[in-house]
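Engineer: Sequence plus the predicted model coming up.
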Amino acid sequence: SLEHYNDSKKLRVIKKLPIPHTFKIYMHEQYAVFRKLFININKVIKRRFNMGISINPMQKSFVDLQNAINNRLAKENITTIDSEVFLKQWVKANEFEPLIWPTVSQIENMPIYRYKSTSNRAKVYYDICKKVENWGSNYNIVFIPWLIMGGADLVTLETVNNFANKGENVLLVFTEKAKSEWKDKLHKNILTYNLKDNLPLKDEDYNDIFIKLILNTKPKRFVSINSLFANKLLRDYSKLLRKYTKLYTYRFSLPKDDRGMYYEWPANFYNSVIEDTIMVTDNNVSSRMYQLTFGRGNKNIKKIEMPIDNHPKPNNPKKVKNRVLWASRIAPDKLVLESIEIASKLRPGIETDFYGTLDGIYSKDDVFNSLINRYTNVHYKGTFNGFGSIDVSRYDLLLFVSRSEGTPLIVLESVGANLFVVASKVGGIPDIISQGINGTLIEDPLDIGAYVNAINDFYDKHDVRKAELQIEHNAKLMQQRTVKKIERCLDKIYS
């Protein structure tokens, strides 16, 4: 529903719009947004009227001004904006009100909108404008679904805090309703706005709001980090938005469905925006896949490497505990059933503990407990408040099963805690797990027997020398993956 024009050499109008509507939008909204830069026409007219001054005998109020313009243009049979007579129409309007004469540059960059104005939409737009009113164009607008304790959320924190640490302004927009446990880790100067915590509007309303904001303020960067709302906005309007700001989208994998096929929407989305955006990922597999699938080079696809931190109480891999750790959100997309089956088939004496928030079907009617209670060697230990809250010294290895991934935070943290990792060979996991040294990679993500054999083999062939090699390898990996390195990566991407 958005129509616009912007051409520094030749005025271009995509769709003809009624003249009165154009003036209304321009005076009521364009002037209101930049009230510190432009004269408020309403106040000027009122002030003149109170003093008995009128530029034109027919002009006694703002409504009279509109009527006067409409009547004059109606006599000229001018009913729509048109590229050939547009400037002449502004001259005719200027005869009735001298302040209605923007400079040529303002005309060339003035957005025109056609939408039904609602008080809720106006309120939301006003609230957002209030947050950025003192920034001009010197800010970054970043869209994220939430800030929970996950790998993508760690990338978000590193990205936005890096902006803020350099003195750049950041408006961080949350696009989903969720408890964001890591919100307190944001730099104090970052301003946030949550779409779902405010007035109920449809996505198309928010589309108009943010497009108008971007066209009017021209922020330095538009960044979407796993936000479905922002990605749809890019899909539909990237060719427009790229004229006003630099576009970035983060994605860490092409997800697959239950059959192992790539979902249609993400693939089509990347294909539609690849020419207009910089795509950022956190692993080599996704980077190569995007290049091969969409035919784009390194110029459009950038990679960052997430840091690995030391666990406060790391595991001692030299001592065998015969316990396996599984820690994630307990939901169908995390292949929970497959993980339970693997745990149940391990040789006698090996116990597996599950940690995580019950989600989806597993949160109802004690479904999850009924599944694991069938087995004496499988246990549910409840939720966990970050990986650091788990006593990893009680475990030997992490089990991680997935069809598609970026670089899972839980795998990074397990390496930092010196846990051996048995995981699917997907996404960025091969970037940090070296076969047989600090973990075992499973080629087929759904091959239950392969996981069982890998874990049993770990215990059957465990010795102190292998444990020492694992510790040495992880230490080198942590030296390579530091916070300073990701800061350099981000500086290069956003320079």
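Structural biologist: Arrived safely.

Engineer: Could you count how many residues lie near residue 177?
Structural biologist: The local packing of residue 177 (other CB atoms under 10 Å) involves 12 other residues. In this view, the C-beta of every residue, glycine as well, is placed from N, C-alpha and C.

Engineer: cool, and the one 4 residues further on?
Structural biologist: By other CB under 10 Å, 15 other residues sit near residue 181.

Engineer: Correct me if wrong, but residue 302 is in a helix.
Structural biologist: No. Using DSSP: H, G, I helix; E, B strand; the rest coil, the assignment for residue 302 is strand, not a helix.

Engineer: Show the pLDDT at it.
Structural biologist: Residue 302 carries a pLDDT score of 90 in this model.

Engineer: Likewise for residue 57?
Structural biologist: For residue 57, pLDDT reads 52.

Engineer: do the same with residue 11
Structural biologist: pLDDT, the model's per-residue confidence, is 33 for residue 11.

Engineer: Helix, strand or coil: sort out residue 403 for me.
Structural biologist: coil.

Engineer: bridging residues for the residue positioned nearest the centre of the chain?
Structural biologist: Centroid check for the chain by CA atoms, centre = their mean gives residue 225 as the closest residue, at 2.2 Å. Using DSSP bridges, the beta-bridge partners of residue 225 come out as residue 250.

Engineer: For it, give me its contacts.
Structural biologist: For residue 225, the contacting residues are 142-144, 152, 155-156, 159, 249-250, by CB atoms under 8 Å, 6 or more residues apart in numbering.

Engineer: Over to residue 358?
Structural biologist: 330, 368.

Engineer: beta partners for it?
Structural biologist: residue 330.

Engineer: Next secondary structure after the top helix by length along the chain?
Structural biologist: Secondary structure of the chain read by DSSP state H shows that its longest helix is helix 464-480. The helix or strand immediately downstream of helix 464-480 is helix 483-494, counting by DSSP states H and E.

Engineer: name the helices or strands packed onto that following helix?
Structural biologist: helix 151-165, strand 301-303 (3 or more CB pairs under 8 Å, 6 or more residues apart in numbering; DSSP states H and E).

Engineer: In a markdown table: those, plus distance to residue 452.
Structural biologist: Shown next, in a markdown table, are the helices and strands packed on helix 483-494 (distance: least, CB to CB, whole Å):
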| stretch | distance to residue 452 |
| --- | --- |
| helix 151-165 | 26 |
| strand 301-303 | 33 |
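
Engineer: Just tell me which of these ends up closest to residue 323.
Structural biologist: helix 151-165 (24.1 Å; CB to CB).

Engineer: just the strands in the stretch 201-350 of the chain please.
Structural biologist: 221-225, 246-250, 278-281, 301-303, 323-327 (DSSP state E, counting those that start in this stretch).

Engineer: low pLDDT regions in the stretch 201-350 of the chain?
Structural biologist: For the stretch 201-350 of the chain, the stretches flagged by pLDDT under 70 are 259-260, 263-265, 296-298.

Engineer: Just list the residues touching the residue lying closest to residue 334 once chain neighbours are set aside, thanks.
Structural biologist: Nearest residue to residue 334 in three dimensions, chain neighbours excluded: residue 328, at 5.1 Å (CB to CB, 6 or more residues apart in numbering). Contacts for residue 328 were tallied using CB under 8 Å, 6+ apart; they are 334, 355-356, 400, 410.

Engineer: Tell me how far residue 328 lies from residue 441.
Structural biologist: 18 Å (CB to CB, to the nearest Å).
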